[in-house]
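Engineer: please find the sequence and the predicted model below.
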Amino acid sequence: MLTKILVTILVIVGAIVYLRRGRGSNVNRNTVMADMQSSPFFSRVIIYTMIAVSMLASASYWGWSWYDDNTIVDVTISSPVEAMSASYKVRKKDIEDQRITTVDGIQIRLSNQERLTVKAVETQ
């Protein structure tokens with residue numbers, strides 16, 4: 001939430017600076033364009049680097065999401081009506097609003113009174 005606020009403030013400040021300074025003179029723009037055309041290799045390197053970084057970030061996000069979704073956790077279902085509790089091993093991606101699917105493939109439907117407790121599997 002704080003990040004969204006900071007980005008919004010940064011965009012607003014950038015827009016105000018841009019509007020106060022104006023677009024600049026034609027001479028300034030022409031020299032910048034001449035500099036960019038004189039070294040197209042540098043421009044291409046920057047563009048390809050940005051593309052590579054964005055693809056790497058996307059692949060990293062996708063990989064972490066896949067890894068986190070397939071993490072196995074212990075789910076304990078507590079029922080106050082029947083005064084019982086049962087524990088199951090479930091992948092995180094298989095926990096839904098009113099249903100869970102265990103690692104063994106058993107689908108369990110939940111009532112509104114039942115309470116879930118999710119904790120990480122203890123590895124030894």
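Structural biologist: The structure has been received and is ready for your questions.
Engineer: quick one: strands adjacent to the strand ranked longest in the chain?
Structural biologist: The longest strand of the chain (DSSP state E) is strand 84-95. Strand pairing for strand 84-95, determined by DSSP bridges: strand 72-79 (antiparallel), strand 99-102 (antiparallel).
Engineer: any idea how far the shortest one is from the chain center?
Structural biologist: Averaged C-alpha coordinates place strand 99-102 at 24 Å from its chain's average position (CA atoms, centre = their mean, to the nearest Å).
Engineer: pull the CA atoms of that strand into CSV?
Structural biologist: Extracted in CSV, the C-alpha atoms of strand 99-102 (Å, rounded to 0.1, in the frame of the first residue of the first chain):
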residue,chain,number,x,y,z
ARG,A,99,-13.2,-27.3,-0.5
ILE,A,100,-9.7,-28.7,-0.2
THR,A,101,-8.0,-31.4,-2.1
THR,A,102,-5.4,-33.5,-0.3
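Engineer: got a list of contacts for that strand?
Structural biologist: Strand 99-102 is contacted from outside by 75, 88-91, 94, 107-110, 116, using CB atoms under 8 Å, 6 or more residues apart in numbering. For the C-beta atoms, the positions are set from N, CA and C on the backbone; glycine is no exception.
Engineer: if we can go back for a sec, I'd like the strands paired with strand 84-95 as TSV, with distance to Tyr48, mean neighbour count and mean pLDDT appended.
Structural biologist: Below are those laid out as TSV (distance: least, CB to CB, whole Å; neighbours: other CB atoms under 10 Å; pLDDT from 0 to 100):
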stretch	distance to Tyr48	mean neighbour count	mean pLDDT
strand 72-79	40	15	92
strand 99-102	43	16	93
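Engineer: closest one to Leu2 among those strands?
Structural biologist: Ranking the strands paired with strand 84-95 by their distance to Leu2 (criterion: CB to CB) puts strand 72-79 first, at 28.7 Å.
Engineer: mind listing the helices for the protein?
Structural biologist: 2-21, 26-38, 40-69 (DSSP state H).
Engineer: out of those, which is closest to Glu82?
Structural biologist: For Glu82, the closest of these is helix 40-69, at 30.9 Å, according to CB to CB.
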